[in-house]
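Chemist: Provide a 3D model corresponding to the input given below.
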Amino acid sequence: MELNKNCTGMDAKLADLLLDPDAAPLKVTSHVAECDPCQKELDELRATMALLDTWEAPEPNPYFLSKLGARLREEREAAPASWLKRLRTRLMYGPQMHVRPLAAMALTFMLVLGGTAYLDISNLEQPAAPPPGQAAVVHDLQTLDSNAQLLDQLESIADNTPDSDAN
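Modeler: Sure, this is the predicted structure:
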């Protein structure tokens, strides 16, 4: 449908005009009378409504209710196989109001657990950063000097490498 500037918002008004022409404002009826695209749209809506008025719902099967009642009786009388199946059936087909508090408790527990884990991780001891005026290489060398055992291990590794024997 080609709409001009005056046709904006006319879709809802066309439906109102179709369902209750007497209650439609004069401005809408005059616009539809003058505007060809809106008149065409209104005619298409009328044709659709006329087609829907001719449709008839199919007749229900006369034995449907008796078959449904018999099936429900069979299901009620049959014992469930296990407590797990009864629980599953109750959770899937029973009223869902009892699940909401359980879900809220589980969500609260997960939020508290996650928050606690986050706080524990964020409060871990971090290695001291070098002072702002000191280079990273100097800080690394000072750290190596303070840990004599690590320095001894690095020297023993350096002594066992084939490159040091070639020099």
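Chemist: From here on, just use CA atoms for contacts and neighbour counts.
Modeler: OK.
Chemist: Leu154: how many residues sit nearby?
Modeler: Per other C-alpha atoms under 10 Å, the neighbour tally for Leu154 reads 12.
Chemist: Make 26 the starting number, not 1.
Modeler: Yes, from this point I'll number from 26; that puts the last item at Leu179.
Chemist: tell me the mean pLDDT over whichever helix or strand it is part of?
Modeler: Taking DSSP states H and E as the definition, one finds Leu179 inside helix 173-185. Averaged across helix 173-185, the pLDDT comes to 79.
Chemist: what comes up buried for the longest helix belonging to the chain?
Modeler: Scanning the chain for the longest helix, with DSSP state H as the assignment, gives helix 124-147. Under the neighbour-count criterion of 16 or more other C-alpha atoms under 10 Å, helix 124-147 has nothing buried.
Chemist: centre of the chain versus the following helix or strand past it, how much separation?
Modeler: Stepping forward along the backbone from helix 124-147, the first helix or strand reached (DSSP H and E) is helix 161-171. Mean-position distance between helix 161-171 and its chain equals 51 Å (C-alpha atoms, centre = their mean, to the nearest Å).
Chemist: before we move on, what about stretch 71-85?
Modeler: Centroid displacement of stretch 71-85 relative to its chain, using C-alpha atoms, centre = their mean, is 38 Å.
Chemist: quick one: terminal-to-terminal distance for that stretch?
Modeler: Its first and final residues considered, stretch 71-85 spans 29 Å by C-alpha to C-alpha, to the nearest Å.
Chemist: got the CA positions of the host helix or strand of Glu100 in PDB?
Modeler: Counting by DSSP H and E, the element that carries Glu100 is helix 89-102. Only the C-alpha atoms of helix 89-102 are listed here, as PDB (Å, rounded to 0.1, in the frame of the first residue of the first chain):
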ATOM      1  CA  PHE A  89     -14.000 -37.500  22.200                       C
ATOM      2  CA  LEU A  90     -15.100 -36.900  25.800                       C
ATOM      3  CA  SER A  91     -15.800 -40.500  26.500                       C
ATOM      4  CA  LYS A  92     -12.400 -41.600  25.100                       C
ATOM      5  CA  LEU A  93     -10.700 -38.800  27.100                       C
ATOM      6  CA  GLY A  94     -12.500 -39.900  30.300                       C
ATOM      7  CA  ALA A  95     -11.500 -43.500  29.800                       C
ATOM      8  CA  ARG A  96      -7.900 -42.600  29.200                       C
ATOM      9  CA  LEU A  97      -7.700 -40.400  32.300                       C
ATOM     10  CA  ARG A  98      -9.200 -43.200  34.400                       C
ATOM     11  CA  GLU A  99      -6.600 -45.600  33.100                       C
ATOM     12  CA  GLU A 100      -3.800 -43.200  33.900                       C
ATOM     13  CA  ARG A 101      -5.100 -42.600  37.400                       C
ATOM     14  CA  GLU A 102      -5.400 -46.300  38.100                       C
END
